[in-house]
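[1] Below are the sequence and a predicted model; questions follow.
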Amino acid sequence: MKRYYPYIYGAIAGALTFIAMVYICLHSFAMTTAQSVIWGVIGFILVGASSSYTEYAIAEVQRIADKYHMDDEFLAKLTGMRQSYFKVASDHLNLVAPRCLWPKILKILKKYEKERDNAENFHL
């Protein structure tokens, strides 16, 4: 279930966006039903994809940080970002960085994980 959470979350957010956009387009902008549905589908796709990626990025960053027991100081040095972007409370990472930086953080941590795995497999 945990594996599919980002996609379920994205689908629910997209469905709520679809309903809201169709309602707003019909009642506020006086569009036809077909136009409202088209805008609703566009909103569903955009919000669903954005929400899914956001939840995926958070889960991956937390997974990698937990796997290698990273603290906020180490994450700040590794990514070259402020330490305040990474809050660790009760051994759980909370990503406070702006969303526009999440892909960069995820890319750096994936690279770090790959290098660590390659180094461990080299000694086998």
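    All right, it came through fine.
[2] and residue 33, what does it touch?
    Going by CB atoms under 8 Å, 6 or more residues apart in numbering, residue 33 touches residue 26. Heads up, the C-betas are built off the backbone N, CA and C, glycines and all.
[3] And for residue 112?
    By CB under 8 Å, 6+ apart, the contact set of residue 112 is 64, 68, 78.
[4] what sits against the last one?
    Spelled out, it's residue 78. Residue 78 makes contact with 70, 108-109, 112, according to CB under 8 Å, 6+ apart.
[5] what two of those residues have the greatest distance between them?
    Farthest apart among the contacts of residue 78 by CB to CB are 70 and 108. That separation is 11.5 Å.
[6] which one of these two has more residues nearby?
    Using other CB atoms under 10 Å as the criterion, residue 70 and residue 108 rank with residue 70 on top: 20 against 17.
[7] Ramachandran angles for residue 86?
    Main-chain dihedrals, residue 86, degrees, to the nearest 10: phi -120, psi 100.
[8] Tell me what it is bridged to.
    Residue 86 has the following beta-bridge partners by DSSP bridges: residue 95.
[9] for this protein, what spans make up the helices?
    Taking DSSP state H, the helices of the chain run over residues 5-27, 33-67, 72-79, 102-122.
[10] just for this protein, where's the confidence low?
    123-124 (pLDDT under 70).
[11] hmm, back to that, let me have the helices of the chain in CSV, extended by distance to residue 94.
    Shown next, in CSV, are these (distance: least, CB to CB, whole Å):
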stretch, distance to residue 94
helix 5-27, 17
helix 33-67, 9
helix 72-79, 10
helix 102-122, 13
